[in-house]
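**Q** Predicted model and sequence follow; I will ask about them next.
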Amino acid sequence: MISILIPSYHNNCRLLVKTLHEQAVLCEIPFEIIVGEDGPTPAFNFDREFPFARIETAAETAGRAANRNRLAEIAQYPYLLFIDADAEIFNPDFLKNYIAYADDVDVICGGTTYFYEPPAEERNHLRWRYGIHREQIPSTRRNQQPFNSFSAFNFLIRKERFLKIRFSEELSRYGHEDTFLGQKLKKTGASILHIDNPAVHTGLDDADVFLAKTREGVENLAELMQANTGFDSSGVKVIRYFRFFKRLGMQKMMTTLYRNFHVKWEKQLARKGGPLWLFDLYKLTYLFFRKKAGRKTAG
């Protein structure tokens, strides 16, 4: 019935596999668990410990989107549960909750949650604060804008539906693969439901890594806008603000802000997470900076 797909890049997700394997056995359904390592060497092995689970490696690193697409292609069951390798499950009915809705809609998003207490390391605070305030959203709010709220961290989708749209492998950097997939789901008439069935995001990047990934995500947005792929940027806040300030003729000022202050802002954001409005300004001015540097964006 269900293929549980865990895309991984050097993640030791043994505990996640163990939890999902135990729940699936209790549900008494046909299932498989596939850990898709994006490269030739997995971070762990489990031999015969979990009889319905296996690790699939790749000859070389292909990227987040390609890794997820590969998992969907080799999956044998009609329902695909994608869950990131840096997640943990604490709800004993996690899998049962998905199965209860599987026949009703094409896509089910369970949501993301974080530990209530901030991480011990200060340099992880920015990622934790962002997650708590921007990603930990109840289903009632997510269902108000179901496609814009789509997240690839933890979701169930019919295999038949997924293979018609897939993740966009032309995105060469980290970030916004799920933004584009959510739009594809909307354009192809998929039905989507958000429920309160979250996985806990435990793999918190430190501030330097998170800011680097944020810059890559902004560059992906610029690629999507420029590529004329049908990407609708109206639901992306940083693009709305970009266009607003561009209409006001503030390109030079925004570019100068990034050039003169980004090092200071990065240090501020690394200290206890900084204010999130500063993080938003950092993203916005970086988009203007990249445009000035020669990466053309539409709008």
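**A** Nice, thanks for sending it over.
**Q** ranges for the helices of the stretch 51-200 of the chain?
**A** Ranges of helices in the stretch 51-200 of the chain, per DSSP state H, counting those that start in this stretch, are 64-74, 94-101, 125-130, 139-142, 159-165, 177-187.
**Q** possible to save the ones you listed as a markdown table with mean neighbour count and distance to Leu281?
**A** No exception for glycine: its C-beta is placed from N, CA and C like everyone else's. Shown next, in a markdown table, are these (neighbours: other Cβ atoms under 10 Å; distance: least, Cβ to Cβ, whole Å):
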| stretch | mean neighbour count | distance to Leu281 |
| --- | --- | --- |
| helix 64-74 | 19 | 27 |
| helix 94-101 | 18 | 37 |
| helix 125-130 | 22 | 14 |
| helix 139-142 | 14 | 24 |
| helix 159-165 | 16 | 34 |
| helix 177-187 | 21 | 20 |
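**Q** Indicate which one of those helices is closest to Thr202.
**A** Of all these, it is helix 125-130 that lies closest to Thr202, at 10.3 Å by Cβ to Cβ.
**Q** who's in contact with that closest one?
**A** With contacts defined as Cβ atoms under 8 Å, 6 or more residues apart in numbering, helix 125-130 is touched by 114-115, 118-119, 204-207, 210-211, 269-270, 272-274, 276, 279.
**Q** I'd like the distance from that helix to the chain centre, please.
**A** Computed by Cα atoms, centre = their mean, to the nearest Å, the chain-centroid distance of helix 125-130 equals 15 Å.
**Q** cool, stretch 66-84 as well?
**A** From the chain centre to the centre of stretch 66-84 is a distance of 15 Å (Cα atoms, centre = their mean).
**Q** and if you look at stretch 182-199?
**A** Relative to its chain's centre, stretch 182-199 lies at 14 Å (Cα atoms, centre = their mean).
**Q** Could you give the average pLDDT over it?
**A** In this model, stretch 182-199 carries a mean pLDDT of 94.
**Q** Give me the distance between the two termini of that stretch.
**A** 19 Å (Cα to Cα, to the nearest Å).
**Q** and if you look at stretch 225-237?
**A** Note: stretch 225-237 ends 14 Å apart using Cα to Cα.
**Q** Now the residue lying closest to Phe279 once chain neighbours are set aside, what are its backbone angles?
**A** Excluding the flanking residues, the one nearest Phe279 by Cβ to Cβ, 6 or more residues apart in numbering is Leu269, at 5.9 Å. The phi and psi values for Leu269, taken as degrees, to the nearest 10, are phi -70, psi -30.
**Q** export the helices of the stretch 51-200 of the chain to TSV and tack on distance to Leu248?
**A** Formatted as TSV, the helices of the stretch 51-200 of the chain follow (distance: least, Cβ to Cβ, whole Å):
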stretch	distance to Leu248
helix 64-74	35
helix 94-101	45
helix 125-130	27
helix 139-142	30
helix 159-165	36
helix 177-187	25
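**Q** quick one, which of those is nearest to Glu49?
**A** Nearest to Glu49, of all those, is helix 94-101, at 18.6 Å by Cβ to Cβ.
**Q** Can you tell me which helices and strands that closest one packs against?
**A** Helix 94-101 sits against strand 2-8, helix 14-27, with contacts defined as 3 or more Cβ pairs under 8 Å, 6 or more residues apart in numbering; DSSP states H and E.
**Q** and that helix with helix 14-27, angle?
**A** Here helix 94-101 runs at an angle of 50 degrees relative to helix 14-27 (axes from the mean of the first three to the mean of the last three Cα atoms, to 10 degrees).
**Q** now the angle between strand 2-8 and helix 94-101, please.
**A** 130 degrees.
**Q** Please renumber the chain so that the first residue is 33 from this point on.
**A** Sure thing, new numbering starts at 33, so read that last one as helix 126-133.
**Q** Report the mean per-residue pLDDT for helix 126-133.
**A** 97.
**Q** closest one to Gln258 among the helices and strands packed on helix 126-133?
**A** With Cβ to Cβ as the criterion, Gln258 lies closest to strand 34-40 of those, at 26.5 Å.
**Q** what's the distance between the closest one and the middle of its chain?
**A** Worked out by Cα atoms, centre = their mean, strand 34-40 lies 14 Å from the chain centre.
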